[in-house]
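Student: Got a sequence here, can you model it:
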Amino acid sequence: MLYKYFAYNENSLSSLLNYELWASKPTEFNDPFDSLLTIEFSNNNITELFKNYTQSKAVCCFSKNMDSILMWSHYADSHKGFCIAIDYPELEDSHILSDVNYSESFLEIDHESFLYSHREGAVNKEWQRLLTQKYIDWKYEEEVRLMLHLDDPQAKGICFSLPDGSIKEIYFGCKMNKKNKSNIRKIMESKNVTFYDMKKSQNNFKLEKI
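Tutor: Residues are numbered from 1 along each chain as shown. Predicted structure coming up:
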């Protein structure tokens, strides 16, 4: 399974209602080093080409972990939001997915592979590596990224549809109120979804699903 955390708001409810997610341009992320192109070329046109290419990509972020206290705190409105579980194989069948690589140093780029990938108009391994590099401090997120092409490089991102039936489970944050839980249940009542409540463990610093 892959997991996606949400605050409870109109946008997240729309995602459930329409069975779609938002993929953002990397420049919209909260980490200024995310997907950073750290190489410059003697040919300014090539440098600009690479920057424009990165601007034409959108990324949707998932986690391999649904019980991270930090993830619930940072991405689910301090545990007042929710988390969805998506079937990995169903998503992988129709999209490019890649694990994030966490490192203390910048990525070393194979220039020839970059040029080749642009000629082919594809997101090859070098482009995937660029779009999935993050500083090691983010390792707790256990992130997996889905990558899409942006037809409009000026756009901040793009919505994409999830495969039918791919949302398998929904977890409610330990501070989520009953009314919001009920609203989500109503939206998803025609779907084959299992619901869980996240609760604080009484014995240690952990979240438990019930």
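
Student: and residue 152, that's in a strand?
Tutor: No - counting by DSSP: H, G, I helix; E, B strand; the rest coil, residue 152 falls outside a strand, being coil.

Student: ok, it - how many residues close by?
Tutor: Neighbour count of residue 152, defined by other C-beta atoms under 10 Å: 8. In this view, the C-beta of every residue, glycine as well, is placed from N, C-alpha and C.

Student: what separates the most centrally placed residue in the chain from residue 199, distance-wise?
Tutor: By C-alpha atoms, centre = their mean, the chain has its centre lying nearest to residue 61, at 0.8 Å. Using C-beta to C-beta, to the nearest Å, residue 61 is found at 25 Å from residue 199.

Student: any idea which helix or strand comes after the worst-scoring helix or strand of the chain on mean pLDDT?
Tutor: Across the helices and strands of the chain, mean pLDDT, DSSP states H and E gives its lowest value to helix 111-120, namely a mean of 57. Counting by DSSP states H and E, the next helix or strand C-terminal to helix 111-120 is helix 125-131.

Student: Now do the very next helix or strand once past that following helix, average pLDDT.
Tutor: For helix 125-131, the following helix or strand on the C-terminal side (DSSP H and E) is strand 133-135. Average pLDDT, strand 133-135: 89.

Student: Pull the distance from strand 133-135 to the chain's centre.
Tutor: 14 Å (C-alpha atoms, centre = their mean, to the nearest Å).

Student: Residues contacting it, please?
Tutor: The contact list for strand 133-135, computed with C-beta atoms under 8 Å, 6 or more residues apart in numbering, reads 31, 33-36, 100-104, 106-107, 143.

Student: Okay, now the unreliable bits of this protein?
Tutor: 35-54, 108-126 (pLDDT under 70).

Student: Go again with 80.
Tutor: 27, 30, 32-55, 94, 106-130, 153 (pLDDT under 80).

Student: mind listing the helices in it by residue range?
Tutor: 10-18, 44-55, 69-75, 88-92, 111-120, 125-131, 178-187 (DSSP state H).

Student: Tell me how many other residues crowd residue 21.
Tutor: Count around residue 21 with other C-beta under 10 Å applied: 21.

Student: Residue 77 versus that one, what's the distance?
Tutor: Separation of residue 21 from residue 77 (C-beta to C-beta) stands at 17 Å.

Student: do the same with residue 137
Tutor: 22 Å.

Student: next one: residue 100
Tutor: Separation of residue 100 from residue 77 (C-beta to C-beta): 23 Å.

Student: what's the answer for residue 103, then?
Tutor: Going from residue 103 to residue 77 by C-beta to C-beta gives 30 Å.

Student: now do residue 203
Tutor: With C-beta to C-beta as the criterion, residue 203 and residue 77 are 26 Å apart.

Student: same question, residue 88
Tutor: Applying C-beta to C-beta, the value for residue 88 to residue 77 is 25 Å.
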